[in-house]
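Engineer: Need a 3D model of the sequence below.
(2 chains)
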Protein chains: 2
Amino acid sequence: AQLALERDYEAQREIETRYRVLLEAHPAPLLIVSMSTGRIADLNIAAAEMIGATRAELIDAPVGQELDGRRRGEFLENLAKLAGSDPLGGIELTIRRSRRKVTVTATLFRAAGDRLLLCRLGEAEAQRTRVDDTA
Amino acid sequence: AQLALERDYEAQREIETRYRVLLEAHPAPLLIVSMSTGRIADLNIAAAEMIGATRAELIDAPVGQELDGRRRGEFLENLAKLAGSDPLGGIELTIRRSRRKVTVTATLFRAAGDRLLLCRLGEAEAQRTRVDDTA
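Structural biologist: Predicted structure coming up:
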C-alpha cells in the first residue's frame, strides 16, 4: 500500500510538471481564471511580464484588479460567452498597470466543480497595426 | 482525514484537467516522449491527425515506429541535445505512415525520475534554415 501511494504521488507530480512545462511552452501569454472567484488561478511568465508584475504577485489576485473592460466587472462573463460561441472571438481589455490595450481570447472548461477560463493575451489590433506600420 | 484525501483528489483531478486543456490549446501538434522508454507518453489531437492515427493507437507507442530520422533511432538523443543548446533548432523527420516530412523542435524536462521531451511538429519548410539530425 505504501508503494502504491508513492506511485500515485509520483504520477501526480509528473502531471504537475508536464502542466507547468506546457503552460510555459505556449507561445502566448496565458492566464487561468476561476469564474467562481474571479481570481487568477495560474499564469505563465509571459503573461506576468505583459501585465508588469511577478507570477507570485499575480497568483490568486482578482483578475479585475489587473485587467479592465469597457464595462467594469462584466468581462469574465463576456469572455465565457464568447468562448462558447466563437473560440476565436476576442475582447479588448486594458492592462491596469500599463494602460496598454490587449485582445483576450478564452477557452472555458470545467474542473473540480468550478468553471475556469484559459485566457490568451495578445496585442490589441490597433497597436499591432501601428507596429506593422513602423516596421 | 477523509475530507483532506478528497481535497487532494480534487486538486489532482483539476491539475490533470488543466494539463489536458493546455495540451489541446497549444497551436502546434505536440508529443510528449519518454527518453528512457522512447515511447509516446502523451500527444494532442493535432499531433495524432498529423501522424495519421488515433490518440489511443499512439499513446505508449515507440516514437521510432511513427517518426523516422536520417539515422535510425538516434533522433531522440539529437533532439534532447538540441533542446539544451538551441530551443529553436529543429530536426527534420519523416512521418512513417504518410512519408510526410516534418520539422520537430523540442523542450527537455525532468519528471518522476525520467527525462521527457515535449516535441512540437511543424511543416518542414524548404526555405527555412534546417538543422538536420547529423548535427
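
Engineer: burial count for A:R7?
Structural biologist: 11 (other Cβ atoms under 10 Å in any protein chain shown). To be clear about C-beta, it is placed using only N, CA and C from the backbone, and glycine gets the same treatment.

Engineer: other SSEs contacting the host helix or strand of it?
Structural biologist: A:R7 is part of helix A:2-25 when elements are defined by DSSP states H and E. Helices and strands touching helix A:2-25, by 3 or more Cβ pairs under 8 Å, 6 or more residues apart in numbering or on different chains; DSSP states H and E, are helix B:2-25, strand B:101-111, strand B:114-123.

Engineer: what's the distance between A:R99 and A:L58?
Structural biologist: 17 Å (Cβ to Cβ, to the nearest Å).

Engineer: who's more crowded, those two?
Structural biologist: Just comparing A:R99 and A:L58: by other Cβ under 10 Å the higher neighbour count belongs to A:L58, 20 against 8.

Engineer: who are the neighbours in contact with the more buried one?
Structural biologist: A:I40, A:L43, A:A47, A:A48, A:I51, A:E66 (Cβ atoms under 8 Å, 6 or more residues apart in numbering or on different chains).

Engineer: Which secondary structure element is home to the spatially most central residue of chain A?
Structural biologist: For chain A, the residue nearest the mean C-alpha position is A:L31 (1.4 Å; Cα atoms, centre = their mean). Here A:L31 sits within strand A:30-34, counting by DSSP H and E.

Engineer: What pairs with the next helix-or-strand element following that strand, parallel or antiparallel?
Structural biologist: With elements assigned by DSSP H and E, the helix or strand that comes after strand A:30-34 is strand A:40-43. Paired neighbours of strand A:40-43 in the sheet (DSSP bridges): strand A:30-34 (antiparallel).

Engineer: which residues touch the strand it pairs with?
Structural biologist: By Cβ under 8 Å, 6+ apart, strand A:30-34 touches A:23, A:39-44, A:46-47, A:63, A:76, A:114-121, B:18, B:22.
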